[in-house]
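In: Could you work out the structure for the sequence below:
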Amino acid sequence: MIRKGMKLYSILFGACPKCHQESMYVNKNPYALSEIIKMNETCSHCNTKYEIEPSFFYGSMYVSYAVAVAFAVTAFVVSYSIFESSVITAFIAIIVTLVVFMPIIMRLSRNIWINFFISYDKEKSKA
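Out: Sure, this is the predicted structure:
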C-alpha cells in the first residue's frame, strides 16, 4: 500500500517531496499538454522550492531515458510474448506506447529526479 511518507507516493502522485501535502504541478492532469511541465514555484504548505537551481530539471532527461526504456521493453514483451505478434508489430507497439505515455514519462522523470535531492520530512508534513 502506497501512503504518504513513502518516496513512491511523491513519485507516483507528483506530491511535494518534503511534506507530501500538495501537488507540485499547476494542473494535476499530465495530458493537459499546454501545462505538462508547469510547476508551482514553492509548496504552499512547507515552502519547499521545487527548482533548486536554474535548469535543475535538465537532469531529469537522463531519468526520462531510463523510464522510456522501461516502458518500451514492457510494450515489446507484452506485444511479442503475450500476444505473439510479429517483430514489426511489436516495434509499432513500442512507438505507440511511447507516444501515448509521453506526458506520464515526463512527469515521472521529474518526480524521480527531485526525489533524489529532497527527502520527506515528517515535521514539515505536520506544520
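In: Looking at this protein, which residue reaches furthest from the middle?
Out: residue 86 (30.9 Å; CA atoms, centre = their mean).
In: Can you tell me how far that one is from residue 72?
Out: Separation of residue 86 from residue 72 (CB to CB, to the nearest Å): 17 Å. For glycine as for every other residue, the C-beta is placed from the backbone atoms N, C-alpha and C.
In: And for residue 3?
Out: Residue 3 is 30 Å from residue 72, where distance means CB to CB.
In: These two - which one has more neighbours?
Out: A side-by-side neighbour count of residue 3 and residue 72, using other CB atoms under 10 Å, places residue 72 first with 17 against 8.
In: Would you list the phi and psi of the residue nearest the centre of the chain?
Out: Per CA atoms, centre = their mean, the C-alpha nearest to the average position across the chain is that of residue 108, at 1.0 Å. Dihedral angles of residue 108 (phi, psi; degrees, to the nearest 10) stand at phi -60, psi -40.
In: what pLDDT does residue 127 get?
Out: Note on residue 127: pLDDT of 60.
In: same deal with residue 52?
Out: pLDDT for residue 52: 89.
In: Please, where are all the helices along the protein?
Out: With DSSP state H, the ranges of helices along the chain come out as 7-13, 60-77, 87-100, 102-117, 122-126.
In: Would you mark the buried spots in the second one?
Out: Read it as helix 60-77. 60, 63, 64, 67, 68, 71, 72, 75, 76 (16 or more other CB atoms under 10 Å).
In: For it, what is the distance to the chain centroid?
Out: 12 Å (CA atoms, centre = their mean, to the nearest Å).
In: Apart from its neighbours in sequence, what residue is nearest residue 125?
Out: Excluding the flanking residues, the one nearest residue 125 by CB to CB, 6 or more residues apart in numbering is residue 19, at 4.3 Å.
In: cool, residue 42 as well?
Out: Closest residue to residue 42 apart from its sequence neighbours, by CB to CB, 6+ apart: residue 49 at 5.2 Å.
In: Please apply the same query to residue 91.
Out: Excluding the flanking residues, the one nearest residue 91 by CB to CB, 6+ apart is residue 76, at 7.6 Å.
In: The one you found: what's it in contact with?
Out: Contacts of residue 76 were listed using CB atoms under 8 Å, 6 or more residues apart in numbering, and they are 90, 91, 93, 94.
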